[in-house]
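> would you be able to build a 3D model of this:
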Amino acid sequence: MHIRKVAFTKLIAAFSTILVFFAISGPLSGQQERPAAIPVDLSVSFAPRPVSAEGQRHLLYELHITNFGRADLTLERLDVLDVTTNIVATYEGNALQGILARPGVSAPDLRIIGGGLRAVAFLDVVAPATATLPRRLRHRLTFVPITPPAGPKQSIIEGGAVSVVKEPPVTLDPPVRGGGWVASHALSNGSSHRRTLLAIDGRARIAQRFAIDWTRIGPDGQVFRGDPSRNQNWTPYGAEVLAVADGRVVEVQDGIAENDPTTPTKAVPITLKTVGGNYVILDIGGAYVFYAHLQPGSLTVRPGVRVRRGQVIAKLGNSGQSDAPHLHLHVVDAPSPLAAEGLPLVFGTFNLEGHVPSLKVLTDGTGWKPSGPASPHRHEMPVENAVVSFSE
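Numbers count the residues shown, from 1 in each chain. Purely as a prediction, here's the structure:
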């Protein structure tokens with residue numbers, strides 16, 4: 001009995017050695033492919049969902065890249081592949097540096113990922129709106145070669161597979177009326193909304209992934225006249241804010257004082273509670289619309305009230321984390337201003353008047369004028385700094 005037990009123990013040890021060898025050196029069948037020993041974890045926490053803008057289809061999502069080793073890893077290239085291994089997007093050099101963020105880390109070269117640290121790649125896979133939607137995406141990362149223990153140099157790893165969600169984006173009616181509305185910080189892979197990754201309640205999410213800051217220009221192409229410290233002198237201030245769909249109000253906040261647009265000091269300390277200023281959250285069935293920075297005392301709804309699309313729910317203001325009068329609007333998957341994932345949104349119809357090259361021209365006296373007639377768009381999201389008009 002004892003002899004058999006020792007022999008069995010030796011057999012298990014030998015088998016374990018074979019498994020370890022197999023894990024490090026690759027298949028024993030003589031195949032050339034070897035398991036990647038680069039100590040990186042690749043994950044996608046938010047599956048991409050298609051949204052159309054100006055004839056292009058966008059898939060916005062994030063790839064989290066975590067270095068589980070001790071030594072630095074330097075990322076040289078990132079390829080996004082479809083199920084047929086076709087490359088649908090490639091980032092390297094400055095383009096790669098431009099899509100990376102290092103949460104909690106300040107680094108001149110974002111491509112160098114230290115041991116135990118993480119990088120986040122903000123991806124936007126763009127194709128013509130008429131192109132076939134890929135069913136699944138995965139990623140190929142090329143690093144400066146490393147030499148793992150008992151193995152040859154390696155530089156490439158593939159992973160982070162994710163299925164593309166085929167459901168259409170949330171379709172909304174206009175949140176405001178009239179023309180001259182600038183969709184600042186709207187659809188873009190580099191906007192401040194897109195990059196606001198926040199860890200709240202034990203999970204990192206981007207509620208503002210598809211957010212829009214609506215401001216308005218007047219006939220002179222400016223956003224204010226006279227003394228800019230007075231909110232009343234700004235073109236969008238006091239505009240009626242409308243329900244973008246039939247729904248039920250689930251949360252409101254009122255009574256927060258408004259800011260002076262000429263000073264960085266806010267009227268109240270900015271916290272997770274006050275960041276949205278005076279706001280409304282509307283449940284439209286399967287998604288929630290967040291309206292922020294509203295004028296204090298202007299809210300016409302309360303929790304539990306049902307509203308109809310086009311109904312006035314508040315007036316545009318300058319409360320919370322706001323530098324000037326504007327309406328912040330985004331759609332999320334939970335009834336929370338920020339502890340939720342941002343969902344793509346489109347408007348049933350709007351007219352595109354043009355694009356503002358820089359928001360500076362709206363305040364430096366230059367002004368903005370359309371260069372041609374407006375063009376109609378249906379079931380699309382405005383891109384960053386597009387100027388649009390809605391039906392009155």
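
> rest of the way, CA atoms for contacts and neighbours
Will do.

> just the element for the closest residue in space to V176 that isn't next to it in sequence, please.
Among residues not flanking V176 along the chain, V241 sits closest, at 5.4 Å (CA to CA, 6 or more residues apart in numbering). Using DSSP states H and E, V241 sits within strand 240-242.

> and the gap between T235 and R57?
32 Å (CA to CA, to the nearest Å).

> just to revisit the earlier point, okay, and the beta partners of the residue nearest to V176?
Following DSSP bridges, V241 is listed with bridge partners A314.

> which residues does it contact?
P175, V176, V312, I313, A314, K315, L316 (CA atoms under 8 Å, 6 or more residues apart in numbering).

> what pLDDT does the fifth one get?
Model confidence at A314, given as pLDDT, is 98.

> can you report how many residues lie near the nearest residue to D82 once chain neighbours are set aside?
Spatial nearest neighbour of D82, chain neighbours left out: L137 (4.7 Å); criterion: CA to CA, 6+ apart. Each residue near L137 was counted by other CA atoms under 10 Å, and the total is 23.

> OK, contacts around L137?
V80, L81, D82, V83, A161, V162, S163, V164.

> any idea which element the first one lies in?
Secondary structure assignment for V80, by DSSP H and E: strand 73-82.

> pLDDT (mean, whole number) over the following helix or strand past that strand?
Per DSSP H and E, the first helix or strand lying C-terminal to strand 73-82 is strand 87-92. Averaged across strand 87-92, the pLDDT comes to 97.

> for the residue nearest the centre of the chain, give me its contacts.
Central residue of the chain (CA atoms, centre = their mean): R209, 2.5 Å from the mean position. Contacts for R209 (CA under 8 Å, 6+ apart) come out as H193, R194, R195, T196, E341, G342, L343, P344.

> how about 7 Å then?
Neighbour list for R209: H193, R194, G342 [criterion: CA atoms under 7 Å, 6 or more residues apart in numbering].

> for it, which non-adjacent residue is spatially closest?
Nearest to R209 is R194, by CA to CA, 6+ apart, at 4.4 Å.

> in which helix or strand does that neighbour reside?
Per DSSP H and E, there is no helix or strand for R194.

> swap in the one 5 residues further on?
In this structure, A199 sits in strand 198-200 according to DSSP H and E.

> cool, and S52?
Judged by DSSP H and E, S52 forms part of strand 50-53.

> which intervals of the stretch 1-150 of the chain have sub-threshold pLDDT?
1-35, 150 (pLDDT under 70).

> all helices of it, in order?
2-25, 93-99 (DSSP state H, counting those that start in this stretch).

> OK, contacts around L198?
L198 neighbours (CA under 7 Å, 6+ apart): A204, R205, I206.

> buried sites along stretch 256-275?
Of all the residues in stretch 256-275, those buried under the rule 16 or more other CA atoms under 10 Å are I256, A257, E258, N259, D260, P261, K266, A267, V268, T274, V275.

> quick one: which of those is nearest K153?
V275 (48.8 Å; CA to CA).

> that closest one against S319, yeah?
No - counting by CA atoms under 7 Å, S319 is not a contact partner of V275; they are 8.4 Å apart.

> distance check, the residue nearest to R209 against P335.
In terms of CA to CA, R194 sits 19 Å off from P335.

> now do V182
26 Å.

> now S371: closest residue in space, sequence neighbours ignored.
G354 (7.2 Å).

> which stretch of helix or strand covers the one you found?
strand 345-355.

> partners of that strand in the sheet?
strand 170-172 (parallel), strand 375-380 (antiparallel), strand 386-390 (antiparallel).

> tell me the mean pLDDT over it?
98.

> what's in contact with it?
169-174, 331, 370, 373-381, 385-390.

> in it, which residues are buried?
Those would be L345, V346, F347, T349, F350, N351, L352, E353, G354, H355, for strand 345-355 by 16+ other CA under 10 Å.

> equivalent analysis for stretch 121-140, please.
121-127, 129, 133, 136-140.

> now, among those residues, which is nearest to R308?
A129 (31.0 Å).

> cheers, nothing more for now.
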